[in-house]
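Chemist: structure for the following, please:
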Amino acid sequence: GIITEHYKGAFPLWLAPVQVAVLTMTVKNLKYAEKIKKSLEEAGLRAVEDFGNHTIDYKVRNAETQKIPYILVCGDKEEEKKTIAVRSHKDGKVKYGVKLEDFVKQAQKEIEEKK
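Modeler: Modelled structure (predicted):
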């Protein structure tokens, strides 16, 4: 309806039916990505996963077309450093080396402030 038209389908985080997509670089990162997704859900965030065998470019493009506000990528570097790579749909920028706790705090604040 009117809300969808207003936001052109790209809902703000607090309104988005799916707030975060968790993607794996390879199947090797599956356990780490599952842990990330579980932590997000425990923090009250609505998350989906794409742990399939497609390329990371395909997975990111798929999440982008769904206009999911945040895409978290879990690869070898992220798993090794216990961080995530965060891509924002709003500006398309990617931040590397983000601690999950920091992302969750920022997302919860964004939801609370209805940004």
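Chemist: what helices and strands are in contact with whatever helix or strand residue 109 lives in?
Modeler: Using DSSP states H and E, residue 109 falls within helix 100-112. Applying 3 or more C-beta pairs under 8 Å, 6 or more residues apart in numbering; DSSP states H and E, one finds that helix 100-112 contacts helix 30-42, strand 70-74, strand 84-88. From N, CA and C alone the C-beta is placed, and that goes for glycine too.
Chemist: tell me what the first one is packed against?
Modeler: So the one you mean is helix 30-42. Helix 30-42 packs on strand 20-24, strand 47-50, strand 70-74, helix 100-112, going by 3+ C-beta pairs under 8 Å, 6+ apart.
Chemist: send the alpha carbons of the longest one over as CSV?
Modeler: Yep, that's helix 100-112 we're talking about. What follows is helix 100-112 as a C-alpha-only set of coordinates in CSV (Å, rounded to 0.1, in the frame of the first residue of the first chain):
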residue,chain,number,x,y,z
LEU,A,100,29.0,-8.6,16.1
GLU,A,101,28.2,-6.9,19.4
ASP,A,102,28.9,-3.5,17.9
PHE,A,103,26.6,-4.2,14.9
VAL,A,104,23.8,-5.4,17.2
LYS,A,105,24.0,-2.3,19.4
GLN,A,106,24.0,0.0,16.4
ALA,A,107,21.0,-1.9,14.8
GLN,A,108,19.0,-1.9,18.1
LYS,A,109,19.7,1.9,18.5
GLU,A,110,18.6,2.5,14.9
ILE,A,111,15.4,0.5,15.5
GLU,A,112,14.8,2.4,18.8
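Chemist: just the buried residues of that helix, please?
Modeler: For helix 100-112, the neighbour count (16 or more other C-beta atoms under 10 Å) marks 100, 103-104, 107, 110-111 as buried.
Chemist: tell me the one of the residues you listed nearest residue 94?
Modeler: residue 103 (12.6 Å; C-beta to C-beta).
Chemist: residue contacts, the closest one?
Modeler: 70, 72, 84, 86 (C-beta atoms under 8 Å, 6 or more residues apart in numbering).
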